[in-house]
Each structure stands twice: as C-alpha cells, then as structure tokens.
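Student: Give me the fold of what follows.
(2 chains)
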Amino acid sequence: MVTPAADTKENPATLQVMRYDARRGTLSVIVGDTGGIPREVLGQRAVEAMRARSFICHTTESDTLLGADEICFIPRGDRCEIVSIHTNGWRRHHGDHRRSLVEILNDLAAAVARGTLTFLDEAELATVVAEGQAVLTCTIDDTASLAQARAAVSQVLADHGVPAAARRRLELCVSEATTNMLVHGGGGGTMRLLRVDGRLRIVVADRGPGLNFINWTEAGSRQPSMGYGYKIILDNLDRVYLHTGDEGTTLVLDHTL
Amino acid sequence: MLHTRVETADTPVIHLEGEIDLDSAETFRWVVTDAVRSATEVVLDFAKVTFIDSSGTGLLVRLCLDYKSQGVQLRLTNIPPAVDDVFSMLKVRSLVGDEAFLDT
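Tutor: Have a look, this model is predicted:
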C-alpha cells in the first residue's frame, strides 16, 4: 500500500525512464533518476525481461522490492527500456472519467513496447531536431495561439497532399501537444514543422520544469484534463519522440507522407 | 473560436459553431451553465462544430456528469464525423451514457 504523502505539492508523482544496454551491461538514466531502486536490481530485471523476450510490468503489490508504484521493462533489440512511476501517494483514480496516473504510465509503456514512442536523452534529441528542413515556426503563448498552430499545420499538410481524415487526426495531435505545453510546460513554447525525407516532423518544445505528473489529473486544475492527451498522440501517429528534463520538454511527432 | 446561439424554450437548445478547445472552454462552460438554470434538459447541437480535442471533450463529459447528478440531462445531437471520431477515441458514449445522445 502507498501511504499518502503529507504534502503532495512538494512530493509530486514522478516519471523515470532508464535504458539498459545488454552489450555493455550499462544502465543509463533518460528521464528523472533511478527512483531509489538499486541499479543492480534494475539490471537484473532488465535481463530477465530480455531473456523472456517479453514486456514485463511489476507493481508494488507484486514486487515491493522495486518501490515504484509500477515499473515496466520493455525489451527492444539489445536494449531494455525501463519506465516507472512513483505516485508518492497521489490519488490513483478519481472514480470518474479521468485517467489514473498508472493508466497514463501504461499508455506510455505500451507505446514504447510497440515502437511508437522513443524517449530521448539530450544528445539524441539534438540529432532528431537538427534533421530536415524547417517549414514553419509558431510561438504558443496563449490559448488563442492553439487554433493558429492547428490551422498552420493543417495548411502545410494540405499543401503536401495529406488526405482530410489524416489531416484531422494530426490537427488533433497538434492540439493535444500544444495544449499540454501551454498548461504544463511553463506557459508556452514553440512549435516547429520540419520536412525530413518522406516525413513531416512537428517539434513542440517548452522550457518548463519538465514533465511530471503533478496536476495531470488533479481535481480542480485549470482544465478538466482527462489525461488522454498523450494517448491520443500515441494512438494516432507513426512515431513519437519525447525528451524531458529540468530545462524543458520536447515532443516530436512524425507523420509519414 | 466558438460561437453559440441559444434557442430558449422549455428545453433550451444551444447551437454550437466552431472549435471547442482550451481557448473556448470558458465560453462553452458559461453558455451551458446559463442554459441549465431554468431547465431540467438542455440540448447541445454540434452540427456546426468543426473541431474538438480532449480539453473540450473533457469539459463536456464533466458538465454532462455534474449536471446529471443535479437532475439535469444534457442531450447531444447532430454530431459531425470529425467530432464523433474524437468521441469514439475517448469513449464518450460509455462515459456519459447513450441517453445523452439524441440521435440514438
């Protein structure tokens, strides 16, 4: 059982992402930290998942040793991606339509497992955002700019012959990404659209405090968030990259033309 | 941008036109809140809604559930395909109940 923290504002739910490299036998941290879980334990569990060639999730109920509320080990070739959440007593469910933190974590982990989502470290992000040719840049700094960003992307997609149904889905994903940035990303940021080989790449970047789960499903928060933004993005795009840290969050949405 | 027009009657009808997102959420909330003051049933006509995202849908679901618990039924009608796609992704029918949809 998780005991509710005395002050969740100072002890928010956190996301951790790590990567175990089986060839080198090394563990690197991509998001956050190891969450207090010993590195050797993470390495052992990663090897176990890789041997089983299976996506393995542990919860506190099944494995108190790991400490996290839920931790997922996802084999990808000769590496194992490790995604975990510490809710620190944050309410897991509201009993209404909003998604719980663990459900959101599972959306992210499932997307990593099926190859849609890749968490990037800083160096990997630098490579991804340097590719291609810039087509469009928008500043997102108030709610009115959300519709402008959608319209601008829609126009570029139409110019590239993207069919109406696919355009609508991409507009929706852009809306989710830019709204998340505005609400949770320190008040705004930029959206860039790039042409990379046969793909259109949308880069949504803020300089906020980094992605964590505080306010994501908090009662009385500014927006009646359902916690579905990331799920919509991950269910409707071919490839998504995510980098987050103390200096901000960057979400990269790829659409194959 | 969201425009609204309210047909006042025993069962008021709110005609919605444009986009329902974070920017128009307050307009949307206000027009519904105002219409339910004097009614136990309010119809939301989505015929001219061109876009909705999870912010708009989340607010809609919240309003449907909150008013239902206060004895007021919101009924949704003329859902365009683009809006219906999002409602399907977010399982809106199972969240608010089939009775919230006038066309079923």
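
Student: For the rest of this, base every contact and every neighbour count on C-alpha atoms.
Tutor: Will do.

Student: From chain A, how far off is the closest residue to B:V36 other than its chain neighbours?
Tutor: In this structure, B:V36 finds its nearest non-sequential neighbour in B:V42, 6.5 Å apart by Cα to Cα, 6 or more residues apart in numbering or on different chains. When distance is defined by Cα to the nearest Cα, to the nearest Å, B:V42 is 21 Å away from chain A.

Student: Go ahead and name everything in contact with the helix or strand encompassing B:V42.
Tutor: B:V42 belongs to strand B:41-52 when assigned by DSSP states H and E. If you take Cα atoms under 8 Å, 6 or more residues apart in numbering or on different chains as the criterion, strand B:41-52 is touched by A:172, B:11-21, B:35-36, B:72-80, B:82-83, B:86.

Student: Can you select the buried ones from these in PyMOL?
Tutor: Only the buried entries of those go into this PyMOL selection, using 16 or more other Cα atoms under 10 Å in any protein chain shown:
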select buried, (chain A and resi 172) or (chain B and resi 11+12+13+14+15+16+17+18+19+20+21+35+36+72+73+74+75+76+77+78+79+83+86)
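
Student: Take the contacts of strand B:41-52 and keep only those in helices.
Tutor: Using DSSP state H, A:L172, B:A35, B:A82, B:V83, B:V86 are the members of the contacts of strand B:41-52 that sit in helices.

Student: Could you pull up the contacting residues of the second one?
Tutor: I take that to be B:A35. B:A35 touches B:V6, B:P12, B:I14, B:V42, counting by Cα under 8 Å, 6+ apart.

Student: next one: the last one
Tutor: Contacts here follow Cα under 8 Å, 6+ apart; on that basis B:V86 touches B:I52, B:D53, B:S54.

Student: Distance check, it against B:I52.
Tutor: Here the criterion is Cα to Cα, to the nearest Å. By it, B:V86 lies 7 Å from B:I52.

Student: Could you find the closest non-adjacent residue to whatever residue of chain B ends up closest to chain A?
Tutor: Using Cα to the nearest Cα, the closest approach of chain B to chain A is made by B:D23 at 4.7 Å. Once flanking residues are discounted, B:D23 sits nearest to A:T143: 4.7 Å by Cα to Cα, 6+ apart.

Student: Then A:R76?
Tutor: The nearest residue in space to A:R76 (Cα to Cα, 6+ apart) is A:A113, at 7.6 Å.

Student: Would you check how far apart that neighbour and A:R23 are?
Tutor: 20 Å.

Student: Same check on B:S94?
Tutor: 47 Å.
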